[in-house]
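Q: sequence first, then the predicted structure:
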Amino acid sequence: MSVKPLEQVRNIGIIAHIDAWKTTTSERILFYTGKKHKIWEVHDGAAEMDWMEQEQERWITITSATTACFWNDTHINIIDTPWHVDFTVEVERSLRVLDWWVAVLDWSQWVEPQSETVWRQANKYDVPRIVFVNKMDKIWADFEMSIKSLHDKLTEKWVAIQIPYGAASTFQWIVDLVEMKYYEFEWDMWEKNVVKDMPADIKEEAEMSRESMIEAISWFDDDVAMKFLDGEDISVDEIKKAIRAWVIANELYPILCGSALKNMWVQLVLDAVVDYLPSPIERGAILWKNPETGEDDEREPGKGQPTSAIAFKIMTDPFVWTLTYVRVYSGTINTWDTLMNPITGKKERVGRLLLMHSNKREEIKSISEGHICAFVWLKDTQTWHTLCDPENEVILEEMNFPEPVISLAIEPDSKKDQEKMGIALNKLGKEDPSFKYYTDDETGQTIIAWMGELHLEIIVDRLKREHKVVVNVWAPQVSYRESISMEQKGRGTFKRQTWGRGQFGDCELKIVPIGSEEVDEKWDQINYEFISEVVWWSIPREFIPAIDKWCKETMRQGILAWYPIINVRVTVYDGSYHEVDSSEVAFKIAAFRAFKAAFEKADPQLLEPIMNVDVTTPEDYVWDVMGDLSSRRGRIEGQEQKSGVTMIKVKVPLAEMFWYATQLRSLSQWRANYSMEFASYEPVPSNVRAEIIKKRVGEGKVKWLDDE
């Protein structure tokens, strides 16, 4: 790999809404930079950057793919990211390690929902952007309409540095307003930009557009503003310098136009990458934390600083074990170097260094700051761990990944699959931080949690294809609870006479409800108190622990529908025993019967987990969203307007929230999102309670201790 000075490095990402031809744009960039010698199309399932089988079959990007290329003596590292909100973690971690983005927008449409989402994500990480107006050859393409849509929905800090002439079938000219060059598209020379003399009828309009461009820039740059007001000529270099400065400051977004599918003007996007977008040095200091003191500090790139890098992506590769994608922020890393992982406190040996081109790889001997590559054979490094010089430990700024919003139960199709499922889930969990899995201790089910239906579909398909594991997916069981609403007493007796020694136990209990507000957020704390008020001649002291133990066990197994009982104080106050026949076993059964008798008279309640749900939606969809939440037995707690969106706070039963993410996206054209956390347990409505109990009894899940 030819190593370029840090000033000649660009780390870029490509973002877009579905069907904006984002990957098509990436493919053209690779062709024009000489990285590939033939153009393959996404709709043929042959795009270089969409290398997974699932991507090629669905014509979508699922996982971010990296590559490196050169343009005008500049080294460009590219990450092509997914558009789908289910794979938002791929966008998030790419935003964290890249220095700027190309936003590809479909200008036959208004700004679309996912474009708004990724634009907000880029704002979150303060990433500079340029905008590529794609699909100008498409029917209904309207440059002015699209600019207005961008202005209204994304930003007011834009400046058009190119303007098109013609649209749809007549689109074959553009004017570069910075250099005042007139480009004509010639079908037999599609790989080149053809500069022509500007026709007189176009020149006047172009000059007016250029004046508008300079006026827009003057709002940001005082030097340009002074010359503009004084009527002085402003040179091309001065315009480029001003645009570059304000793009790097993330205060201005240049707009270009063309058609990636028709190979029109993609080269000018690459020129803009070199001219206007920042190198790693210009992106500024790196934030880091001292692992010993916890104090924050900064490290300037390009200053001969000690090595620091961050692992932002893990991939399991069948040929080279595990690939750890790394962005190097300072220093140089060589093959077989030893690095420190301050998160784990362990040292890592760098086995091999690979420069990735999608799923292809080029082995290299070293990687310098500002670049992206893959490490092979790292043992303990996970996504978002820092790797650094063992003598100069730092922890680079971490990121918080979005929590999964949907969960289901998963089970292997056969015993053979069971043996492999755990290993496969572990590998997928390391690759994708937005995918979680765990075993529910209460139900015994393996629960997987993910970001949406497409995400689940891909996970199940990858389990089958890559890991040879066939699984079945089911709705998870809701963790209901049982409790009581009043004080009651009960008596239980167990008497059995057989040849030889018999069995006898007799006790009287009182059960009282205690406060439910103390239920643990993990939903597994059983609030239970036990008090003994018996005298020794009623029940001998050695049998009291057996009564206590079995009352607690009864609460764990439940009575009403075999769900755990919570928030009960038990007092044993009387009973009787037999000097010969009484035993711990007899008093256990007697305690169960006494508890059950009291419980059934104490107005037993079935409780369900209630969730605090925060929904963020554009104002256009507030009433639809609120209506849907109400249909899910939700109670609206409040609303708040902020930055053009409404935040709705609501309490909703967990049982009503399965597949909510899909419904919410459908209601809001993918513009709304939500978060959810446990709030409390509350009684289930009587009609719902009857259905739950009937289902549990019908499935044979309720079995009493003394049924036999």
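A: Structure received. Numbering: from 1, shown residues only.

Q: residue 493 versus the residue nearest to residue 580 when sequence neighbours are not counted, what's the distance?
A: Distances taken as CB to CB, 6 or more residues apart in numbering place residue 501 nearest to residue 580, at 6.5 Å, with adjacent residues excluded. Quick note: C-beta positions are derived from backbone N, CA and C, even for glycine. For residue 501, the distance to residue 493 (CB to CB, to the nearest Å) stands at 18 Å.

Q: what do you get for residue 408?
A: In terms of CB to CB, residue 408 sits 45 Å off from residue 493.

Q: one more: residue 424?
A: For residue 424, the distance to residue 493 - CB to CB - is 53 Å.

Q: out of these two, which sits in the more crowded spot?
A: residue 424 (21 against 16; other CB atoms under 10 Å).

Q: and the pLDDT for the more buried one?
A: On the pLDDT scale, residue 424 is placed at 86.

Q: surely it is in contact with residue 465?
A: No: counting by CB atoms under 8 Å, residue 424 does not reach residue 465; the two are 10.9 Å apart.

Q: so what touches stretch 628-641?
A: The contact list for stretch 628-641, computed with CB atoms under 8 Å, 6 or more residues apart in numbering, reads 613, 615, 619, 622, 626, 646-653, 656-657, 660, 663-664, 667, 685.

Q: just stretch 411-430 next, same as before
A: Contacting residues not belonging to stretch 411-430 are listed as 314, 316, 382-383, 410, 435-437, 445-446, 448, 459, 462-463, 466-472, 474 [CB under 8 Å, 6+ apart].

Q: now do stretch 540-553
A: Residues contacting stretch 540-553 (CB under 8 Å, 6+ apart): 505, 507, 509, 526, 528, 530, 532, 534, 539, 570, 572, 577, 582, 584-585, 587-592, 595.

Q: let's see that with 6 Å instead.
A: With contact meaning CB atoms under 6 Å, 6 or more residues apart in numbering, stretch 540-553 is reached by 507, 528, 530, 532, 570, 572, 584, 587-588, 591-592, 595.

Q: dump these into CSV; add neighbour count and secondary structure as well.
A: Shown next, in CSV, are these (neighbours: other CB atoms under 10 Å; DSSP: H, G, I helix; E, B strand; the rest coil):
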residue, neighbour count, secondary structure
507, 30, strand
528, 17, strand
530, 17, strand
532, 15, strand
570, 23, strand
572, 25, strand
584, 14, helix
587, 31, helix
588, 21, helix
591, 31, helix
592, 22, helix
595, 27, helix
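
Q: check the residues you listed and tell me the two furthest apart.
A: 528 and 584 (19.6 Å; CB to CB).

Q: dump stretch 581-590 to PDB, restricted to CA.
A: Provided in PDB are the C-alpha atoms of stretch 581-590 (Å, rounded to 0.1, in the frame of the first residue of the first chain):
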ATOM      1  CA  ASP A 581     -45.500 -39.200  62.900                       C
ATOM      2  CA  SER A 582     -44.600 -35.500  62.400                       C
ATOM      3  CA  SER A 583     -41.700 -34.700  60.000                       C
ATOM      4  CA  GLU A 584     -40.300 -31.900  57.800                       C
ATOM      5  CA  VAL A 585     -42.000 -33.400  54.700                       C
ATOM      6  CA  ALA A 586     -45.400 -33.500  56.400                       C
ATOM      7  CA  PHE A 587     -45.100 -29.800  57.600                       C
ATOM      8  CA  LYS A 588     -43.900 -28.700  54.100                       C
ATOM      9  CA  ILE A 589     -47.100 -30.100  52.500                       C
ATOM     10  CA  ALA A 590     -49.200 -28.700  55.400                       C
END
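
Q: which among the contacts of stretch 628-641 end up buried?
A: 613, 615, 622, 626, 646, 648, 650-653, 656-657, 660, 664, 667 (16 or more other CB atoms under 10 Å).

Q: relative to residue 30, which of those residues is nearest.
A: Nearest to residue 30 among these, with distances taken as CB to CB, is residue 664, at 36.6 Å.

Q: mind telling me what element that closest one is part of?
A: helix 660-668 (DSSP states H and E).

Q: kindly calculate the angle that the next helix or strand after that helix makes with helix 660-668.
A: Going down the chain from helix 660-668, the next helix or strand is strand 673-683, by DSSP H and E. Going by axes from the mean of the first three to the mean of the last three CA atoms, to 10 degrees, strand 673-683 is angled at 130 degrees with respect to helix 660-668.

Q: what angle do strand 673-683 and the helix or strand that comes right after strand 673-683 make with each other?
A: Proceeding N to C from strand 673-683, the next assigned helix or strand is helix 686-698, under DSSP H and E. Relative orientation of helix 686-698 versus strand 673-683 (the same axes, to 10 degrees): 80 degrees.

Q: can you give me the distance of the closest residue to residue 599 other than its chain neighbours to residue 672?
A: Distance criterion CB to CB, 6+ apart; nearest residue to residue 599, sequence neighbours excluded, is residue 559 at 5.2 Å. According to CB to CB, residue 559 stands 41 Å off from residue 672.

Q: between these two, which has more neighbouring residues?
A: Higher neighbour count among residue 559 and residue 672: residue 672, with 23 against 19, using other CB under 10 Å.

Q: residues contacting the more buried one?
A: Per CB under 6 Å, 6+ apart, neighbours of residue 672: 617, 664.

Q: and it, what pLDDT?
A: 82.

Q: check residue 557 too.
A: Per the predicted model, pLDDT is 84 at residue 557.

Q: neighbours around residue 399, how many?
A: 17.

Q: wait, a helix at it?
A: No: going by DSSP: H, G, I helix; E, B strand; the rest coil, the assignment for residue 399 is coil, not a helix.
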